[in-house]
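>>> Quick one, structure for this:
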Amino acid sequence: MKYIDKVLSKKGNKCRICTGCGLCFSQRNMNVVSDFILPGNMDEMGACGQDMPPYFIVADIGTTTIAMQLRRTKDGKVLQTYVQENPQRIYGADVLSRIEASKDIVIKETMQQVVKNVLLQGINQLCISKNGEEGIHAANCKLVIAANTTMVHILMGYDVTGLGQFPFVTENLEEIHTVLFGFETLILPGMSAFIGGDILADIVALSMYNKSGIALLVDLGTNGEIVLGNQNKMMATSVAAGPAFESETENFGTDMMALVACLLEKGMLDETGLLCDPYFEEGITIGGIRITQPYIRSLQMAKAAICTGIEILAQKYGLQHLTEIDNVYLAGGMGYYLDVKAAAQIGLLPACLADKAFAVGNAVLEGAYRYGRAPKPEIACKCETYNMAKEHTFTEKYIANMQLQPFTITE
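Numbering: from 1, shown residues only. Predicted structure coming up:
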């Protein structure tokens, strides 16, 4: 047990939401891409237009959390940050639950209003100067929002019923220009019902659209978004990963993944996901964390969905081998704290890509800033989205990938 306890002792303090600041890098043994994207690389973004305001407020409306930053336009410097839970959570932890809840017009309007309330609270806090100087006003600041397609539809009061069922009809995926709370507001365009402006922001932050090397972006959450490509071709998809990767449990989830890998290595857990006696019925508690058979099963389902999505997308893209991928970017808080070695051991990520993996943190905020500074709506059109529900081999591959073993390509 002492060997397994060491896994937990390596973990540092973790934020409620990762904004990719890189401050905890010294506590972790992993490559962090924050240094490459924060603050913005001015050479990549080019000159700022003269009509740009001196400040941006960028917002990432996530299903679980809402993060906002006040950024200086000319150099991207983060002046203040605001983070709050998404109050829509009382209507369901995932977008499908909220789509279902929105069938009630009163609930739909309430979900719209509570998010607006959080945005207004954030704006009020970010625009107050902490130095006793005059605060930021709407006249010299622009609001830029990135969010998944469902969050945008709810914010704008669009009909969301078509988002939750085939053929996944959206009311609007275009770049949106509006005014909120007196601020000129830009909302990033989406790419499909299941690939939204938040993923576009990731692509922009990482400059995937103008690099020759092939990159793989994996955003780990209840829905796992996957993007593969470079300046010549990009493809994206989404898979249902389930609660194992929910943002509220990202600290718990990453620790659990490392512990499951250790149990597997020590022979206390087999590749089918079964705990050995005497732990099968009651589970096992290590370092205050209880590992139970149901959680192991949810982790298996999540990792099977992710690695199957990667496998199929790579095949659709035309890769002959996964080693053709130059970089792997793990987005979101779950990705930021992920133990890549453990992820490769249980088969979440291909072992051949483990050394190419970089933690990104919340790149959405950086991407929103870059997009607001130099809008690139053509990227959303350039990225081809693929619906895994149409893939007839998905179920077969998914079942094969339930095994807790290194990632292998199934025929």
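>>> For F407, which residues are in contact?
307, 310-311, 344, 347-351, 401 (Cβ atoms under 8 Å, 6 or more residues apart in numbering). In short, each C-beta sits where N, CA and C put it, glycine included.
>>> Which helix or which strand is home to it?
Using DSSP states H and E, F407 sits within no helix or strand.
>>> Model confidence for it, exactly?
F407 carries a pLDDT value of 81.
>>> Give the phi and psi angles for it, as a check.
F407 has phi and psi values of phi -60, psi 120 when expressed as degrees, to the nearest 10.
>>> do you know how far it is from P278?
To P278, F407 is 31 Å away according to Cβ to Cβ, to the nearest Å.
>>> again with I176
57 Å.
>>> now T170
Taking Cβ to Cβ, one finds T170 at 51 Å from P278.
>>> wouldn't R290 be in contact with G283 here?
Yes - between R290 and G283 there is a contact under Cβ atoms under 8 Å: 5.5 Å.
>>> With neighbour numbers in mind, choose between those two.
G283 (15 against 12; other Cβ atoms under 10 Å).
>>> What are the phi and psi values at R72?
phi -80, psi 130.
>>> I misspoke; the intended subject was E384.
phi -80, psi 130.
>>> how near is the closest residue to it other than its chain neighbours to I195?
Spatially, and ignoring its direct neighbours in sequence, E384 is nearest to M235 (4.9 Å; Cβ to Cβ, 6 or more residues apart in numbering). Note on M235: its distance to I195, by Cβ to Cβ, is 10 Å.
>>> same deal with C141?
29 Å.
>>> Name the residue in the two with the higher neighbour count.
I195 (27 against 22).
>>> what sits against that one?
149, 225, 227, 236-238, 383, 385.
>>> quick one: which of the residues you listed sit in strands?
Judged by DSSP state E, strands contain the following of the contacts of I195: 225, 227, 236-238, 383, 385.
>>> Looking at these, which is nearest D75?
V227 (27.3 Å; Cβ to Cβ).
>>> Could you count how many residues lie near that closest one?
27.
>>> Okay, and the beta partners of it?
L217, A236 (DSSP bridges).
>>> State the distance from it to R373.
Distance of V227 to R373, given as Cβ to Cβ: 21 Å.
>>> Grab the nearest non-local neighbour of K303.
L348 (4.2 Å).
>>> before we move on, what about T185?
Per Cβ to Cβ, 6+ apart, closest to T185 is L143, 4.3 Å.
>>> cool, and P350?
Nearest non-adjacent residue to P350 (Cβ to Cβ, 6+ apart): F407, at 4.2 Å.
>>> cool, and T292?
Nearest one to T292, counting by Cβ to Cβ, 6+ apart, is G283 at 3.7 Å.
>>> Now do the contacts for that neighbour.
275, 290-293, 295.
>>> could these be laid out in JSON lines, adding distance to Q125, secondary structure and pLDDT?
JSON lines is the format used below for these (distance: Cβ to Cβ, whole Å; DSSP: H, G, I helix; E, B strand; the rest coil; pLDDT from 0 to 100):
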{"residue": "L275", "distance to Q125": "46", "secondary structure": "strand", "pLDDT": "93"}
{"residue": "R290", "distance to Q125": "37", "secondary structure": "strand", "pLDDT": "84"}
{"residue": "I291", "distance to Q125": "39", "secondary structure": "strand", "pLDDT": "87"}
{"residue": "T292", "distance to Q125": "40", "secondary structure": "coil", "pLDDT": "90"}
{"residue": "Q293", "distance to Q125": "44", "secondary structure": "helix", "pLDDT": "92"}
{"residue": "Y295", "distance to Q125": "37", "secondary structure": "helix", "pLDDT": "88"}
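>>> How about the secondary structure of L353?
When classified by DSSP: H, G, I helix; E, B strand; the rest coil, L353 comes out as helix.
>>> That one - how many residues pack around it?
With other Cβ under 10 Å as criterion, L353 counts 20.
>>> mind checking pLDDT for it?
So, for L353, pLDDT stands at 91.
>>> Next one: the closest residue in space to it that isn't next to it in sequence from L200, what distance?
Distances taken as Cβ to Cβ, 6+ apart place V328 nearest to L353, at 5.0 Å, with adjacent residues excluded. Applying Cβ to Cβ, the value for V328 to L200 is 19 Å.
>>> Between these two, which has more neighbouring residues?
Applying other Cβ under 10 Å to V328 and L200 shows that L200 carries more neighbours, namely 28 against 23.
>>> so what does the helix or strand in which that one is found touch, helix or strand wise?
Per DSSP H and E: L200 is located in helix 197-205. Helix 197-205 makes packing contacts with strand 55-61, strand 141-147, strand 215-219, strand 223-229, helix 363-373, helix 378-382 when contacts are defined by 3 or more Cβ pairs under 8 Å, 6 or more residues apart in numbering; DSSP states H and E.
>>> quick one, strands of the chain?
55-61, 65-72, 78-85, 141-147, 176-180, 183-187, 215-219, 223-229, 234-240, 284-286, 289-291, 327-331, 357-361, 383-385.
>>> Can you say which of those strands is nearest to L319?
If we rank the strands of the chain by Cβ to Cβ, the stretch that ends up nearest is strand 223-229, at 8.0 Å.
>>> Packing partners of the closest one?
helix 197-205, strand 215-219, strand 234-240, helix 293-317.
>>> Just the CA coordinates for the third one, please, in CSV.
Listed next in CSV are the C-alpha coordinates belonging to strand 234-240 (Å, rounded to 0.1, in the frame of the first residue of the first chain):
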residue,chain,number,x,y,z
MET,A,234,-8.8,19.3,-39.4
MET,A,235,-11.5,16.9,-38.2
ALA,A,236,-13.4,16.9,-34.9
THR,A,237,-15.8,14.6,-33.1
SER,A,238,-17.4,14.2,-29.7
VAL,A,239,-18.0,11.1,-27.6
ALA,A,240,-20.1,10.6,-24.4
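>>> what is the orientation angle of that strand with strand 215-219?
Counting by axes from the mean of the first three to the mean of the last three Cα atoms, to 10 degrees, strand 234-240 points 30 degrees away from the direction of strand 215-219.
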